[in-house]
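1. Quick one, fold the following:
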Amino acid sequence: MLNKQDFYNALNRDIEIVRGDTLSFCFELVGLQGATPDFTFTCKDHYDGDIVFSADNESGISLDNYNEANDTALFTVWIDPNKTKDLELTRYYYDLEMRLDDDVITLMRGRFTLLYDVTRG
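-> Predicted coordinates:
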């Protein structure tokens, strides 16, 4: 069971990356009491549009470290560059959702913008 006062929903953060580059970032959660939730990072062309790409515990989101003394877990989101290399240079939308037992918490959401790459053209 989550310690619910340790969580709040939806940190709004826009992401800009160069098309075909790897997206990687870490996030830390406190209060999971050793549990490993299910995570999904989803990118869509519009809020209610088709999924452009996604990542989850099986394909891109992993637990890197758990500190039992302070109940802190460090996770990494890693999006393979092949998932963006053929996409249009435009703005998409994303969210990062956590599911544990009956709880569903959107941790992050925002715009996901693909930028042009000068080197690879």
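2. quick one: contacts for residue 98?
-> With contact set as Cβ atoms under 8 Å, 6 or more residues apart in numbering, residue 98 has these partners: 29, 37, 38, 39, 104, 105, 106, 107. All C-beta spots, glycine's among them, are computed from the backbone N, C-alpha and C.
3. Any chance of a markdown table for the residues you listed, columns distance to residue 47?
-> Below are those laid out as a markdown table (distance: Cβ to Cβ, whole Å):
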| residue | distance to residue 47 |
| --- | --- |
| 29 | 25 |
| 37 | 23 |
| 38 | 22 |
| 39 | 20 |
| 104 | 17 |
| 105 | 18 |
| 106 | 12 |
| 107 | 17 |
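4. Need the max-distance pair from these.
-> Farthest pair in those (Cβ to Cβ) is 29 and 104. Separation: 14.6 Å.
5. Among those two, which residue is more densely surrounded?
-> Relative neighbour count places residue 29 above the other of residue 29 and residue 104, with 21 against 12, counting by other Cβ atoms under 10 Å.
6. Quick check: that one touching residue 67?
-> No. If you go by Cβ atoms under 8 Å, residue 29 and residue 67 don't touch, sitting 11.2 Å apart.
7. before we move on, the earlier item: from the contacts of residue 98, which is closest to residue 53?
-> Looking across these and measuring by Cβ to Cβ, the closest to residue 53 is residue 39, at 14.6 Å.
8. what's near enough to touch the nearest residue to the closest one once chain neighbours are set aside?
-> Leaving aside its chain neighbours, residue 39 sits nearest to residue 61 (4.4 Å; criterion: Cβ to Cβ, 6 or more residues apart in numbering). Each residue near residue 61 by Cβ under 8 Å, 6+ apart is listed here: 39, 40, 41, 55, 75, 76, 77, 78.
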